[in-house]
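Chemist: Dropping the sequence and predicted coords here.
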Amino acid sequence: MIITGYSPRNWQAQHLFLTVLKNDAVPVPDRTSAIPQPLATVIDRALIDNPDIYYKSAAEFKQALFNSIS
């Protein structure tokens, strides 16, 4: 939310935990076009949690972030 200015999910006010568990994150380009595509891809991958987490460590995520902006 800090980077895009938008929440990564469409929240259902009465069932916040179910929203996270049952709904995939909305892709960054669907929220804003202000984020460069390589960075948006890294952010979208970081929000993947089903069936498995995409980035297995903070170091892997950090490297992907650096690679996307360089």
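Modeler: Noted; the coordinates are in hand.

Chemist: Tell me, how many residues neighbour residue 62?
Modeler: When counting by other C-beta atoms under 10 Å, one arrives at 11 neighbours for residue 62. Glycine gets a C-beta too; all of them are placed from N, C-alpha and C.

Chemist: Could you measure from it over to residue 31?
Modeler: 23 Å (C-beta to C-beta, to the nearest Å).

Chemist: ditto for residue 37
Modeler: Taking C-beta to C-beta, one finds residue 37 at 13 Å from residue 31.

Chemist: higher neighbour count, the two?
Modeler: Taking other C-beta under 10 Å, residue 37 and residue 31 do not tie; residue 31 has more neighbours (18 against 11).

Chemist: distance between the longest helix seen in the chain and the chain's centre?
Modeler: When the chain is parsed with DSSP state H, its longest helix is helix 58-69. The chain centre lies 14 Å from the centre of helix 58-69; the measure is C-alpha atoms, centre = their mean, to the nearest Å.

Chemist: Determine the set of other helices and strands touching it.
Modeler: Packing contacts for helix 58-69, counted by 3 or more C-beta pairs under 8 Å, 6 or more residues apart in numbering; DSSP states H and E, involve helix 37-46.

Chemist: what mean pLDDT does the helix it packs on have?
Modeler: Regarding helix 37-46, the rounded mean pLDDT is 92.
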